[in-house]
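J.: What follows is a predicted protein model with its sequence.
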Amino acid sequence: LEVALKIIKNIERYREAALSEVDVLERINSLDEEKTFACVRMLDWFDHHGHICIVFELLGLSTYDFLKENGFMPFSLNQIRCMADQIFRAVQFLHRNKLTHTDLKPENILFVDSNYDMKYNFKMKRDERTLKRLDVKVVDFGNATYDHEHHTSVVSTRHYRAPEVILELGWNQACDVWSLGCILIEFYLGLTLFQTHDSKEHLAMMERVLGPIPAHLLQKTRKRRYVHHDKLDWDEHSSAGRYVRKHCKPLKQYMSSKTPDHELLFDLLQKMMEYDSSKRITLEQAIGHPFFNPIRKERK
């Protein structure tokens, strides 16, 4: 039996996250005896001289590593639909069980088997890797948080962080939905949508892609340096402002085709990247979105 072994540094905060991950994995694995949902399976864990070691089923490359090794060639719409269906169901399973993952990103979505065929793409004049199987699993539950637990003010890896987290307005399951929206567009483009290391610049990028942040959210934030007269305090003509204009554009302009299935994906993305987390689509609603109709037809 081939397994993956995750060995944690013998440092208190890493140890705590690891023990929390063990607790979450034991719980969600036991709630899914039938292995219906695409969450990684923990096989065992032990403490080796203060290093927590977690034994997992062996999986393939992460979606990020596959994109990287494939020269950041985007996934096709059908591939995205198939992967999104599995990921949404897995994360919705967490949400139903009062958990928020908080750190969803392409690095934390792994192919079960990343074997591929090489095909030559005449249009792009290069070899291309085509996956044989699109089964994926969600991994890394070290930051997963129960509804009743303390919610730390900052969660998620920057590029996938929801606006309510940046503005420190409090967060819940909806922050996972935002992250998943960022992941889907990354699968579609092959590149990270919000490529930045600064929170104010990140908010400016959001505005460039998604339009202005509603005043009622900016009024509520305690991060006063982000706001000026109920608007984002941002100079479009600074060098940072020019960088944002150059690197981002309104969401619909990223569409590589105007066919109905692309329109449906972008309609879904728009609903997942709603600024107001109380109005943002839930995963239950997202799974029912017409973008997934072809999968529902298959299941019949």
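T.: Looks like it came in fine. Residues are numbered from 1 along each chain as shown.
J.: so where does Leu184 fall, helix or strand?
T.: In this structure, Leu184 is located in helix 174-189 according to DSSP states H and E.
J.: So for that helix, what gets flagged as buried?
T.: Using 16 or more other CB atoms under 10 Å as the burial criterion, the residues of helix 174-189 that qualify are 174-188. Placement of C-beta: from N, CA and C, glycine included.
J.: Can you name the residues in contact with the helix or strand just after it?
T.: Towards the C-terminus, the helix or strand next in line after helix 174-189, according to DSSP H and E, is helix 199-210. Contacts with helix 199-210, where a contact means CB atoms under 8 Å, 6 or more residues apart in numbering, come from 158, 161, 163, 166-167, 193-194, 196, 213, 223, 225-226, 232-234, 240-241, 243-245, 247-251, 270, 273, 275.
J.: in the stretch 101-250 of the chain, which spans are strands?
T.: Counting by DSSP state E, counting those that start in this stretch, the stretch 101-250 of the chain has strands at residues 109-111, 116-121, 126-131, 136-138, 145-146, 227-228, 231-232.
J.: Now do the helix holding Leu184, average pLDDT.
T.: Throughout helix 174-189, pLDDT has a mean value of 99.
J.: Between helix 199-210 and it, find me the angle.
T.: Using axes from the mean of the first three to the mean of the last three CA atoms, to 10 degrees, the inter-axis angle of helix 174-189 relative to helix 199-210 is 60 degrees.
J.: just to revisit the earlier point, out of the strands of the stretch 101-250 of the chain, flag the one nearest Arg96.
T.: Among those, strand 145-146 comes nearest to Arg96, with 12.6 Å by CB to CB.
J.: rewinding a little: mind putting the strands of the stretch 101-250 of the chain in a markdown table, distance to Ile7, mean neighbour count and mean pLDDT included?
T.: As requested, the strands of the stretch 101-250 of the chain are exported to a markdown table (distance: least, CB to CB, whole Å; neighbours: other CB atoms under 10 Å; pLDDT from 0 to 100):
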| stretch | distance to Ile7 | mean neighbour count | mean pLDDT |
| --- | --- | --- | --- |
| strand 109-111 | 18 | 25 | 98 |
| strand 116-121 | 29 | 11 | 88 |
| strand 126-131 | 29 | 14 | 87 |
| strand 136-138 | 20 | 22 | 99 |
| strand 145-146 | 24 | 19 | 98 |
| strand 227-228 | 44 | 16 | 96 |
| strand 231-232 | 43 | 14 | 96 |
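J.: Mind putting those strands into JSON lines with distance to Gly60?
T.: Below are those laid out as JSON lines (distance: least, CB to CB, whole Å):
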{"stretch": "strand 109-111", "distance to Gly60": "4"}
{"stretch": "strand 116-121", "distance to Gly60": "10"}
{"stretch": "strand 126-131", "distance to Gly60": "9"}
{"stretch": "strand 136-138", "distance to Gly60": "9"}
{"stretch": "strand 145-146", "distance to Gly60": "27"}
{"stretch": "strand 227-228", "distance to Gly60": "44"}
{"stretch": "strand 231-232", "distance to Gly60": "41"}
